[in-house]
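S.K.: please find the sequence and the predicted model below.
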Amino acid sequence: MIMPEQKYRNYLIEDAIFPFCKGCGHSHVVTRLNDALVELQIDPSKVLLVSDIGCIGLVDNLFPDLHTMHTTHGRSTAFATGVEIADAIKNTSELKTIVIIGDGGAMIGLLHLVNAALMNVDITVILANNFLFGMTGGQNSNFSPLEFITPTTPRGNMIPPIDICNILDGCGAGFVARTLATDKNLPHVIAQAIAHPGFALVEIVELCTEYAVKPNEITGKSLEEILARHQLSLGILRQSSVRKEFGVLYKEKYEPRVENDNTSSEYIDQLFSGSLQKQMGIVIAGTAGERVQSTAYLLARAAVMSGLECTQKNDNPVTQGSGFSLSEVCISPTEIYYTAIDEPDIIVVTSTDGLEELLSNGTFSRASEKTLILADAELSLHETNARVVRYNFRKKMSPSRASMAGVFLASLLVDIVPPEALQAAIKERFGKGSAAYEKDFSQLREAADSLV
């Protein structure tokens, strides 16, 4: 690793051999990126290079001292955005995040580019545009010029190329440039983009010598004519720092939490001690509009209030307000890495809609003799090896409180979260309206012993 006090003369691996075809423009792009980093003299430990699938994505091991992340096709901008936001909000905000992507990846991940520009997140996107998908056989992309010949457009492309610079300019990107891979000023343009405080894009137009040159009879000198024919301008098209980058705006809107202050906050404090020993999966199923997913949220909140880790996943039909409603909650004393519930520990089901969905999606078939099922007394359950506890939740507590009643009863029978944590979460959520829940819980505490 190069030490910070040294002058950085090169960021590329010594005697680098590029993994590209002879004459490929990607070699120019990679070399000029290196020159830009040398110009900026950035500590390599403070640079993240995020690459995409495609020929240009083979750059990772060419920069041994940079942090690198190789992502799925089209998603590099999304990964980079997440990293940069985390660094800006939770860390020092010193990391320089650079995305290197081809026109194929940019086409697939267009909305990620749009969203990053709208947010003005502090990343630099270097878009190597050779008008086609080079790694997978030379198919045309949304960047292919009119009449461009590729294996998928053998008689010439009929669709005009996308103007990515114009799109991202319209999304509020602060720095937008289009240039040629052979432009002598390219390293300085890339350096300006990296130094820009906010979203920046440099579209670098180049040649694919393997698939583009021969069928289209073009050379490097043809590129300017192709761009002019499509009214695609070259140069720095936008450079403005009027908008604050996302990390700065976030910190202004959400001030850092002050410990031990008595003001209200959006953070969840630990007020209880959970004694859960292993990760548990709880499935809650009922009818839409009957607070199934709200119950799951309050269970998850109670878990956090008890010092536990949790995740929540919801499901419902496209119709939203009708049919089933379902939530899966994982609760664990340690960090959760796997959020699926292969074998449910607890199932709470309070309606026919919920029961039919559990049967349909296989949740019931995955239940074992270790599973606790809390079901409304009026439901007709299929035969199961699981332990079943029936209670008339809907009639005694009402349909809208049935799921919460089932979860509370589960907390009395099994060690998931302290029942008191659930009560506290409900009181926070409903205030005076929590009285009805307290009445339900009193009934359930009296009934719990007989249900063991």
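M.R.: Received, thanks.

S.K.: pLDDT weak spots in this protein?
M.R.: Low-confidence segments of the chain, defined by pLDDT under 70: 1-6, 256-266, 452.

S.K.: okay, domains of it per the record?
M.R.: Domain ranges of the chain: 25-250, 280-451, per automatic domain parsing.

S.K.: can I get the ones you listed in CSV including mean neighbour count and distance to residue 272?
M.R.: Using the backbone N, CA and C atoms, a C-beta is placed for each residue, glycine as well. CSV is the format used below for those (neighbours: other CB atoms under 10 Å; distance: least, CB to CB, whole Å):
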stretch, mean neighbour count, distance to residue 272
domain 25-250, 20, 26
domain 280-451, 19, 4
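
S.K.: may I see those arranged in a markdown table, with distance to residue 14 as well?
M.R.: As requested, the domains of the chain are exported to a markdown table (distance: least, CB to CB, whole Å):
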| stretch | distance to residue 14 |
| --- | --- |
| domain 25-250 | 9 |
| domain 280-451 | 38 |
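
S.K.: mind checking the ones you listed for the one nearest to residue 270?
M.R.: The closest of the domains of the chain to residue 270 is domain 280-451. By CB to CB, the value is 4.6 Å.

S.K.: next one: the closest one to chain centre, how far?
M.R.: Taking CA atoms, centre = their mean, to the nearest Å, the mean C-alpha location of domain 280-451 is offset from the chain mean by 28 Å.

S.K.: kindly report the same for stretch 235-250.
M.R.: The gap between where stretch 235-250 is centred and where its chain is centred comes out at 22 Å by CA atoms, centre = their mean.

S.K.: show residues contacting that stretch.
M.R.: Contacts with stretch 235-250, where a contact means CB atoms under 8 Å, 6 or more residues apart in numbering, come from 84-85, 87-89, 93, 119-122, 165, 169, 172-179, 189, 192, 196-199, 252.

S.K.: let's see it at 6 Å
M.R.: Under the contact criterion CB atoms under 6 Å, 6 or more residues apart in numbering, stretch 235-250 has outside partners 88-89, 93, 119-122, 165, 169, 174-177, 197-198.

S.K.: which strand residues bridge residue 281?
M.R.: residue 330 (DSSP bridges).

S.K.: would you check that it makes contact with residue 345?
M.R.: Yes: using CB atoms under 6 Å, residue 281 is in contact with residue 345, at 5.3 Å.

S.K.: three-state assignment of residue 126?
M.R.: Secondary structure state of residue 126, per DSSP: H, G, I helix; E, B strand; the rest coil, is strand.

S.K.: isn't it up against residue 100?
M.R.: Yes: using CB under 6 Å, residue 126 is in contact with residue 100, at 4.8 Å.

S.K.: show me where the stretch 101-250 of the chain has its strands.
M.R.: 123-129, 132-133, 139-140, 175-180, 200-205, 235-239 (DSSP state E, counting those that start in this stretch).

S.K.: and the nearest residue to residue 72 once chain neighbours are set aside, how far is that from residue 345?
M.R.: Leaving aside its sequence neighbours, residue 72 sits nearest to residue 53 (CB to CB, 6 or more residues apart in numbering; 6.6 Å). As defined by CB to CB, to the nearest Å, residue 53 lies at a distance of 39 Å from residue 345.

S.K.: got the end-to-end distance for stretch 152-163?
M.R.: The stretch stretch 152-163 measures 21 Å between its terminal residues, going by CA to CA, to the nearest Å.

S.K.: revised request: answer the last question for stretch 169-182.
M.R.: Span of stretch 169-182 from end to end, CA to CA: 24 Å.

S.K.: identify the residues contacting it?
M.R.: Applying CB under 6 Å, 6+ apart, the set of residues contacting stretch 169-182 is 25, 28-29, 114, 117-118, 165, 168, 186, 189, 193, 196, 198-206, 220, 223, 234, 236-241, 243.

S.K.: and residue 12, what does it touch?
M.R.: Going by CB under 6 Å, 6+ apart, residue 12 touches 34, 62.
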